[in-house]
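# Next comes the sequence, and after it the predicted model I'd like to discuss.
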Amino acid sequence: MRIEANPRRAEIQRETGETDVTLSLSLDGSGQADIDTGVPFLDHMLDALARHGRLDITARCAGDAAMDPHHTVEDTGIAFGQALRAALGDRRGIERYGFAYAPLDEALARTVIDCSGRPYLHFAAEMPEPVIGANFASSLVEEFWRAVAMNAGLTMHIDLLRARNAHHAAEAIFKSAALALRASIRRTGDPNAVPSTKGMLA
């Protein structure tokens with residue numbers, strides 16, 4: 001694994017026996033996405049994450065997605081989480097907390113984030129259908145966000161409040177997470193101050 005970090009930017013290369021992921025992330029972007037993971041629905045969700053989070057994301061993944069998208073989704077989430085952690089650095093001057101609701105037609109999702117340095121995911125989303133499209137298991141939405149939270153050091157609470165369509169549900173979740181992330185990582189305070197009574201976020 002290779003990690004390169006600059007102020008508010010990071011690039012990750014993560015190679016396993018199952019996948020080879022290269023991902024670059026800029027926290028102060030304009031929502032530009034250049035995504036090719038081999039899993040079209042994941043590409044669609046990452047594009048929404050970039051656009052609504054105002055992140056610039058480039059991601060490539062080669063692996064066994066033709067057999068089962070699981071490894072690609074999880075490993076891309078790991079790489080995104082690692083890039084986010086590296087780009088945040090010591091988290092000085094950030095808002096730290098963020099929350100957002102996002103609807104998509106009948107679906108409504110809520111995400112609350114604390115850039116605490118303490119990884120935790122509460123995922124309360126009963127997906128209305130087991131599969132999205134041809135072969136994207138709805139359970140992979142949780143797998144992606146668990147990988148992000150654990151590797152970025154985020155406390156995340158994701159709640160799907162209502163939905164009848166699994167595609168709509170997943171997209172509402174990704175959009176609410178993008179908006180909450182955008183709020184939590186924005187620079188709002190003293191650039192030399194860590195937003196914690198402990199003086200550190202780790």
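Yes, it's here. Note that the structure is predicted; figures quoted are calculated from it, not measured.
# And the strands in the chain, which stretches?
Applying DSSP state E to the chain gives strands spanning 2-6, 9-15, 19-26, 33-36, 56-63, 97-104, 107-114, 120-124, 131-132, 136-137, 155-162.
# can I get those strands in CSV with distance to A79 and mean neighbour count?
C-betas here are computed from N, CA, C, even on glycine. Output for the strands of the chain, formatted as CSV (distance: least, CB to CB, whole Å; neighbours: other CB atoms under 10 Å):
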stretch, distance to A79, mean neighbour count
strand 2-6, 10, 13
strand 9-15, 5, 19
strand 19-26, 4, 21
strand 33-36, 12, 16
strand 56-63, 7, 19
strand 97-104, 22, 18
strand 107-114, 19, 22
strand 120-124, 17, 14
strand 131-132, 22, 18
strand 136-137, 19, 20
strand 155-162, 17, 19
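# Poorly predicted segments of this structure, please.
1-6, 65-66, 189-202 (pLDDT under 70).
# most centrally placed residue in it?
V148 (5.4 Å; CA atoms, centre = their mean).
# Give me the nearest residue to D75, chain neighbours excluded.
T19 (4.4 Å; CB to CB, 6 or more residues apart in numbering).
# is it true that the one you found touches T72?
Yes. Contact criterion CB atoms under 8 Å: T19 and T72 qualify, at 5.7 Å.
# Mutual contacts of those two, please.
61, 63-64 (CB atoms under 8 Å, 6 or more residues apart in numbering).
# In TSV: those, plus distance to S26.
Shown next, in TSV, are these (distance: CB to CB, whole Å):
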residue	distance to S26
C61	19
G63	24
D64	29
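# So which of those residues is the closest to Y97?
Within these, the smallest distance to Y97 is 30.9 Å, found for C61 (CB to CB).
# Who's the closest spatial neighbour of the closest one, skipping the chain neighbours?
T37 (4.1 Å).
# For that neighbour, grab phi and psi.
phi -100, psi -10 (degrees, to the nearest 10).
# Excluding sequence neighbours, find me the nearest residue to E106.
In space, E106 is closest to R164, 5.2 Å off (CB to CB, 6+ apart).
# OK, contacts around the one you found?
106-107, 128.
# quick one: G117 and L154, what's the gap?
9 Å (CB to CB, to the nearest Å).
# Can you pick out the residue with more neighbours from the two?
L154 (27 against 20; other CB atoms under 10 Å).
# Confirm for me that the more buried one is in contact with V112.
No. At 10.3 Å, L154 does not count as touching V112 under the criterion of CB under 8 Å.
# quick one: contacts for the closest residue to A48 other than its chain neighbours?
Using CB to CB, 6+ apart and skipping residues adjacent in sequence, the residue nearest A48 is F174, 5.0 Å away. F174 sits next to 45, 48-49, 141 when contact means CB under 8 Å, 6+ apart.
# what's near enough to touch G31?
Contacts of G31 by CB under 8 Å, 6+ apart are 50-56.
# A107 now?
160, 162-165, 168-169, 171-172.
# cool, P7 as well?
G89 are the contacts of P7 under CB under 8 Å, 6+ apart.
# ok, it to R187 distance?
P7 is 11 Å from R187, by CB to CB.
# Would you list the phi and psi of the residue lying closest to D28 once chain neighbours are set aside?
Closest residue to D28 apart from its sequence neighbours, by CB to CB, 6+ apart: R8 at 5.2 Å. The phi and psi values for R8, taken as degrees, to the nearest 10, are phi 60, psi 20.
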